[in-house]
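Based on what follows, work out the 3D shape:
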Amino acid sequence: MKFLILFFALGCSANKAKMTGVVLDERMYFDRMVKVKVTNAPDAYTWVKLSNKQLKHVKTGDKVVFYVKTSDIEYEAR
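Below you'll find the predicted structure:
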């Protein structure tokens, strides 16, 4: 029973990938989104949605940690 919480936490994180990035522009473009350069993917940019509190304090060059949920993985023939 004491390991139930640990197994639940590990199971929930199995479908997520941790990504890191740097804010390129502190301006909000649409629907609280800011442009981020992904550091653990080569030449990759994405939009990250921030809360209103985060938008008040974000500056260009700030580091961002966000999670990407994987919905489906199709493997090539093995």
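
what's near enough to touch Lys37?
Applying CB atoms under 8 Å, 6 or more residues apart in numbering to Lys37 gives the contacts Gly21, Val22, Leu24, Ala44, Tyr45. Heads up, the C-betas are built off the backbone N, CA and C, glycines and all.

Identify the residues contacting the fourth one.
Translated: Ala44. With CB under 8 Å, 6+ apart, Ala44 has these contacts: Lys37, Val38.

which phi and psi does the most centrally placed residue in the chain have?
Closest to where the C-alpha atoms of the chain average out (CA atoms, centre = their mean) is Phe66, at 2.2 Å. Dihedral angles of Phe66 (phi, psi; degrees, to the nearest 10) stand at phi -140, psi 160.

Surely it and Val48 touch.
Yes - at 5.3 Å, Phe66 counts as touching Val48 under the criterion of CB atoms under 8 Å.

any idea how far Lys16 lies from Val58?
Distance, Lys16 to Val58, by CB to CB, to the nearest Å: 22 Å.

okay, the two: which has more neighbours?
Comparing Lys16 with Val58 by neighbour count (other CB atoms under 10 Å), the higher total belongs to Val58, at 18 against 12.

Just give the nearest non-adjacent residue to that one, would you?
Among residues not flanking Val58 along the chain, Glu26 sits closest, at 5.3 Å (CB to CB, 6 or more residues apart in numbering).

Please report how far the one you found lies from Arg32.
Note on Glu26: its distance to Arg32, by CB to CB, is 12 Å.
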